[in-house]
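A.B. asks: give me coordinates for this.
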Amino acid sequence: MKLSKPEIRSASALASVVGLRMFGLFLILPVFAAYARHLPGATPLLVGLAIGIYGIGQALLQVPMGMLSDRIGRRVTITLGLLVFVAGSILAALSHNITGIIIGRALQGVGAVSGASQALAADLSHPENRSKVMGIIGVSVGLAFVLAIILSAPLAAMGGLEALFSVTAVLAAGAIVLLWAVVPRPSARRAPAAASWTDVRHMVVQPRLLVLNASVFVMHTMLTASFVVLPLVMLHVSGIALNHQWELYLPVMLVSVVVMGGVLRRVRTVSGSMKLILVCAIGLGVSLCGFAAIGYGAFFLWAAACLFFSCFNLLEATLPSLVSRLAPDHMRGAALGAYATCQFLGAFVGGMMGGIGMGQLGTASVFLIAAALAVFWIPLVGWGMRHVALPGVQGQAESASA
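C.D. replies: Numbering: from 1, shown residues only. Below is the predicted model of the structure:
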C-alpha cells in the first residue's frame, strides 16, 4: 500500500522533529573528548560518563514516557520531553566544569521522546504503512548523524562546547515549534497503547528480535566508546587539528552515503538484510582494529574511517526496518521500545567503557576492546540468520513489508 499525501507530509514533519533532536545529541561526539579534557575536574572516566550518561536516562524512560503519551497526548508528552532536553542543553552550555556538563547531559537523557514519537507516527499512518513511516524517520536520524559528524568540528572551533550545546538547545526548541505548527493532530488514535515494561522485556529476548537488539546495543557501544578517544588520537597521533577534522569526516561520510545507496537498493529480503548485518559486524570489528593502528600511517585512519562509517550507517538504516518487519503486528510498539532501550543502553556502556579504557589502558586499548565485542556479536548474527530462515518466519516478514 502506497503512502498517502497526508502520511508523507506527517512522516516528513515528524522526521524533521526527531532529526533535529538527534542532530543535537550526535553533535558533541566528534570533539567532546578533546575539549572536555581541559575542563576543571575532568578525568578520562568522567569524560566517558559525560558522553554516555544521556543513554541511561533514555533507556529507562522510553517506556514511561510512551505510557504517559497515552494518558495526556503524544504532542504534549513530546513537548515536555523536548523542554527537559532544552534545559539540559542550556545547563551544559553554561557549565564550566565537567560535573555541570554531566548533569546537563543526564537531563538531556531524561527528555526521552523516541517512544512517544514512534507512537505519534503510528497514530498518523495506516497500519500497512507504519513500517514505511518508521523508515522515513530512520532516514532522518541517519542524516542527522552524518551532518553532525561533518559540522561538529567547525562549530566547536567557533565557540567551543558552549556553542555546540547552545545550538543543540536552539534546534530542540525549533523542533517544538515544528511539532505544533507542522505535525498534524491525529484524528483518532489508531495505534495500540504504549508498551508496558513486561512487553518490552519480552521483545528484548524474543528470538526473532534478540539478534537485532543485541546488534544495536553493540554498534552503539562501539560508536560511543570510539568517540571517547578518536578525536584525541586524530589530534595527537595523526596531527589533525580539531578545526580540520571535518576534512576527514566529509569525504568519509560521502563515501558511506555512496556505499549505502549502492548496497541498500540490492538488499530487499530479510535473509539479505541478515547477511548484510553479518558483513557489517565483521566490518566494524576490522575498522576498530584499523583505528588502533593509526600510529602506523594515515592509510589506516582513512581506510578504517571509511569502513566504520559505511558499516555503521548501513546498520542504522537496516536494523529498525527489520524490527518493524519481524515484530508481530500487535507488539510492534513494544519491539521498537525494546530496540530503542538497547540502543541507548549501548551508548551508556560505550561511554563508560571508553572512559575507563582510556584512563587505565590507553587510547588504542579502547578500540581493541570495542573490536573484541565483534567476537560475540558475529556468532549471534549467524544464529539469527538461521532462526529467521525457519519456515514461516521470513514469509511473514516479507508479507508485512509489502
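A.B. asks: for stretch 106-123, which positions count as buried?
C.D. replies: For stretch 106-123, the neighbour count (16 or more other Cβ atoms under 10 Å) marks 106-123 as buried. Every residue, glycine included, has its C-beta placed from N, CA and C.
A.B. asks: just the ones of these in helices?
C.D. replies: 106-110, 114-123 (DSSP state H).
A.B. asks: these: which two are farthest apart?
C.D. replies: Largest separation among these by Cβ to Cβ: 106 and 123, giving 29.7 Å.
A.B. asks: give me the three-state assignment for residue 268.
C.D. replies: coil (DSSP: H, G, I helix; E, B strand; the rest coil).
A.B. asks: for it, give me its contacts.
C.D. replies: Going by Cβ atoms under 8 Å, 6 or more residues apart in numbering, residue 268 touches no other residue.
A.B. asks: ok, longest helix in this structure?
C.D. replies: Counting by DSSP H, the longest helix found in the chain is helix 130-181.
A.B. asks: tell me the helices and strands packed up against that one.
C.D. replies: For helix 130-181, the packing partners by 3 or more Cβ pairs under 8 Å, 6 or more residues apart in numbering; DSSP states H and E come out as helix 5-27, helix 32-36, helix 74-94, helix 98-110, helix 114-123, helix 246-264, helix 298-326.
A.B. asks: and the angle for it with helix 298-326?
C.D. replies: Orientation check (axes from the mean of the first three to the mean of the last three Cα atoms, to 10 degrees): helix 130-181 against helix 298-326 gives 100 degrees.
A.B. asks: what sits against residue 259?
C.D. replies: If a contact means Cβ under 8 Å, 6+ apart, then residue 259 has 310, 313-314 as its contacts.
A.B. asks: of the residues you listed, the lowest pLDDT goes to which?
C.D. replies: Lowest in pLDDT among the contacts of residue 259 is residue 313, which has 86.
A.B. asks: residues contacting the closest residue to it other than its chain neighbours?
C.D. replies: Of all residues not flanking residue 313 in the chain, residue 256 sits nearest, at 4.9 Å (Cβ to Cβ, 6 or more residues apart in numbering). Residues near residue 256 by Cβ under 8 Å, 6+ apart: 146, 306, 309-310, 312-313.
A.B. asks: filter the residues you listed to the buried ones?
C.D. replies: 146, 306, 309-310, 312-313.
A.B. asks: can you get me a residue count around residue 154?
C.D. replies: By other Cβ atoms under 10 Å, 15 other residues sit near residue 154.
A.B. asks: next one: residue 200
C.D. replies: Look at residue 200: counted by other Cβ under 10 Å, it has 25 neighbours.
A.B. asks: run through the residues that contact it.
C.D. replies: 63, 334, 337-338, 341.
A.B. asks: and if we set it to 6 Å?
C.D. replies: With contact taken as Cβ atoms under 6 Å, 6 or more residues apart in numbering, residue 200 is in contact with 63, 334, 337-338.
A.B. asks: residue 156 now?
C.D. replies: Going by Cβ under 6 Å, 6+ apart, the list of residues near residue 156 reads 31, 164.
A.B. asks: could you list the low-pLDDT ranges of this protein?
C.D. replies: Low-confidence segments of the chain (pLDDT under 70): 1, 127-131, 135, 187-197, 329-330, 332-333, 388-402.
A.B. asks: sorry, back to before: which of the contacts of residue 200 fall in strands?
C.D. replies: Judged by DSSP state E, strands contain none of the contacts of residue 200.
A.B. asks: can you list these in TSV and add distance to residue 21?
C.D. replies: As requested, the contacts of residue 200 are exported to TSV (distance: Cβ to Cβ, whole Å):
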residue	distance to residue 21
63	18
334	22
337	17
338	20
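A.B. asks: which strands and helices sit next to the helix or strand containing residue 372?
C.D. replies: Assigned by DSSP states H and E, residue 372 falls within helix 363-388. With contacts taken as 3 or more Cβ pairs under 6 Å, 6 or more residues apart in numbering; DSSP states H and E, helix 363-388 sits against helix 207-236, helix 270-292, helix 332-360.
A.B. asks: between those helices, which gets nearest to residue 372?
C.D. replies: Nearest of these (Cβ to Cβ): helix 270-292, 8.1 Å.
A.B. asks: and the closest one with helix 246-264, angle?
C.D. replies: 160 degrees.
A.B. asks: thought residue 104 was touching residue 93?
C.D. replies: No. In this structure, residue 104 is not within contact of residue 93 by Cβ atoms under 6 Å, at 7.6 Å.
A.B. asks: the more surrounded of these two?
C.D. replies: A count of neighbours by other Cβ under 10 Å puts residue 104 above the other of residue 104 and residue 93, at 25 against 21.
A.B. asks: could you find the closest non-adjacent residue to the more buried one?
C.D. replies: Nearest in space to residue 104, with sequence neighbours left out and distances taken as Cβ to Cβ, 6+ apart, is residue 92 at 3.0 Å.
A.B. asks: could you do residue 157 as well?
C.D. replies: Using Cβ to Cβ, 6+ apart, the closest residue to residue 157 is residue 243 (3.6 Å).
A.B. asks: neighbours around the one you found, how many?
C.D. replies: 14.
A.B. asks: of all the ones in helices among the buried residues of stretch 106-123, which comes closest to residue 10?
C.D. replies: residue 121 (7.7 Å).
A.B. asks: now do the contacts for the closest one.
C.D. replies: Contacts of residue 121 (Cβ under 6 Å, 6+ apart): 14, 133.
A.B. asks: about what we covered before: tell me the two of the buried ones among the contacts of residue 256 that are most distant?
C.D. replies: Farthest pair in those, by Cβ to Cβ: 146 and 306, 13.4 Å.
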